[in-house]
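Chemist: Any chance you could fold what I've pasted below:
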Amino acid sequence: MHKLKVLMFGWEFPPFMSGGLGTACYGLTKGLTNKNVEVTFVMPNGPEDMKAEFVKLLIASNLYKYNLKVKKIDTLLKPYLSDAQYKEEYDNYMKLLEKRGGDSSKILYGKNIHDEVYRLSLAARMIAETEDFDIIHCHDWMTFPAGIEAKKVSGKPLVVQVHATEYDRTGGNSINDYVYGIERSGMEFADRVIAVSYFTKEKIMEHYGIPADKIVVVHNAVEFSDEKKFDIKKHEKVVLFLGRLTLQKGPDYFVEAAKRVLDYDPDVKFIIAGTGDMEARLVDRVAQLGIGNKVLFAGFVNGHDVDKAYQAADLYVMPSVSEPFGITPLEALRNNVPVIISKQSGVSEVLKHALKVDFWDIDELANKIISVLNYRSLHHELSKHGSMEVHTFSWNIPAQKCIDMYNTVLHEKYHGIKAT
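Modeler: Model prediction:
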């Protein structure tokens, strides 16, 4: 029996990752491998000796091994940045590197967002000419041009997965035409489009004109480990926000709700873990509200520190304005932490044992925070049943959905059936 082989393009993969996209790529590829699918995962940059335990990992900047001349693809690009945010990220990184006395020759980041995407697409053509695969799978807009080029040179079917649209990242305001154009052309050129939720599928249909029968919904999952959990002693009740400090994630609503909660119960500490373009504004607002001693800005966390952040919390809140899926509530429940999530999220479609609010309803969010913190029976039930529920979110399930879709696309291509 022929083993299905997937050529997959992503922008990050553990341990070189900045957020949910890397987590999703890791989980999905592991699930596919569990199902006997062979995955070759291509990312723009990383150490020459970087390896993954269950996928063949190709670093596009190391293509000299193929005797091909490709300019090094070094980037600070992440799946959710605008041009301005990219430049800010780069400038901040350089300042931090200089402050710490770092070696600038080892910088993994370039300056130009458009060129980085284009150069990966050039590398993709070369990789597609040398690798053995049946189908191409691309994650988010930055890899769509790579997928298009790989399809053109190989003739193999293309699947693109949408983790977030330009409408999610901007809240529908000041749409970047360059990004939108890549998103739309990638979806149009693809044989299938994967949406991480029905919430996202509706956006793709409405804003990009992609027909419903071309879009397959595959919800995300969460990875479990046998690591020892930390028994953290704390006197104050802790409420956690963990995510990028951007309009999309709703940290400003978290801060406003914190003020209302503290007016009722001053024995609460709010932790904001993450960085982003709204950080300075949030710090100023916390000072204006007079709650600076109750709100801790923890900065960017990754690796084992993520689980430590959850384990320090009594409650996790995800007040996203527009969240295509949202893996963080699953991570919180994995750590036995109850969650409150916005109704404007894909994860709210599948997570039953969570409290749900409209992101803009600050009073309702504050009321629910107070209830979970003060009614131990409610806290216990949400934690217990939520933790039990999240154990059903195995990556083997979305992996199988992808495999079924791959086989459908391949059948259509090689049996003369035109994909819609």
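
Chemist: so which strand or helix has Leu58?
Modeler: Using DSSP states H and E, Leu58 sits within strand 56-59.

Chemist: Do me a favour and average the pLDDT over that strand.
Modeler: Strand 56-59 carries an average pLDDT of 83.

Chemist: residues of it that come out buried?
Modeler: 57-59 (16 or more other CB atoms under 10 Å). Glycine gets a C-beta too; all of them are placed from N, C-alpha and C.

Chemist: for Phe144, what are its contacts?
Modeler: Going by CB atoms under 8 Å, 6 or more residues apart in numbering, Phe144 touches 138, 160, 182-183, 185-187, 189.

Chemist: go with 6 Å
Modeler: Residues counted as contacts of Phe144 (CB atoms under 6 Å, 6 or more residues apart in numbering) are 138, 160, 182, 186.

Chemist: Leaving out sequence neighbours, find the closest residue to it.
Modeler: Of all residues not flanking Phe144 in the chain, Gly186 sits nearest, at 2.9 Å (CB to CB, 6 or more residues apart in numbering).

Chemist: count of neighbours near that neighbour?
Modeler: 24 (other CB atoms under 10 Å).

Chemist: ok, now how distant is it from Pro266?
Modeler: Gly186 sits 50 Å away from Pro266, going by CB to CB, to the nearest Å.

Chemist: pretty sure the residue nearest to Phe144 contacts Val160?
Modeler: Yes - using CB atoms under 6 Å, Gly186 is in contact with Val160, at 5.0 Å.

Chemist: what are the pairing partners of the strand holding Leu58, and which direction each?
Modeler: strand 38-43 (parallel) (DSSP bridges).

Chemist: what mean pLDDT does the strand it pairs with have?
Modeler: Strand 38-43 shows a mean pLDDT of 92.

Chemist: Give me the distance between the nearest residue to Val37 once chain neighbours are set aside and Val39.
Modeler: Nearest non-adjacent residue to Val37, counting by CB to CB, 6+ apart: Leu4, 4.8 Å away. As judged by CB to CB, Leu4 and Val39 stand 9 Å apart.

Chemist: ditto for Asp132
Modeler: 12 Å.

Chemist: So for those two, which residue has more residues nearby?
Modeler: Neighbours per residue (other CB under 10 Å) separate Asp132 from Val39, with Val39 holding more: 24 against 8.

Chemist: Please name the spatially closest residue to that one (chain neighbours excluded).
Modeler: Nearest one to Val39, counting by CB to CB, 6+ apart, is Val55 at 4.5 Å.

Chemist: Equivalent analysis for Glu183, please.
Modeler: Closest to Glu183 by CB to CB, 6+ apart is Trp141, at 4.7 Å.

Chemist: Now do the phi/psi pair for that neighbour.
Modeler: Main-chain dihedrals, Trp141, degrees, to the nearest 10: phi -60, psi -30.

Chemist: Burial check on it, number of neighbours?
Modeler: By other CB under 10 Å, the residues close to Trp141 number 28.

Chemist: Contact partners for it?
Modeler: Residues in contact with Trp141 (CB under 6 Å, 6+ apart) are 179, 182-183.

Chemist: hmm, 7 Å instead?
Modeler: Going by CB atoms under 7 Å, 6 or more residues apart in numbering, Trp141 touches 179, 182-183, 186.

Chemist: mind giving me TSV with those residues and columns for pLDDT?
Modeler: Output for the contacts of Trp141, formatted as TSV (pLDDT from 0 to 100):
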residue	pLDDT
Val179	89
Ile182	94
Glu183	96
Gly186	97
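
Chemist: what about burial for those residues, which qualify?
Modeler: Looks like the contacts of Trp141 have 179, 182-183, 186 buried, using 16+ other CB under 10 Å.

Chemist: a markdown table please, covering the residues you listed and showing secondary structure and distance to Ala150.
Modeler: Formatted as a markdown table, the buried ones among the contacts of Trp141 follow (DSSP: H, G, I helix; E, B strand; the rest coil; distance: CB to CB, whole Å):
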| residue | secondary structure | distance to Ala150 |
| --- | --- | --- |
| Val179 | helix | 20 |
| Ile182 | helix | 15 |
| Glu183 | helix | 17 |
| Gly186 | helix | 12 |
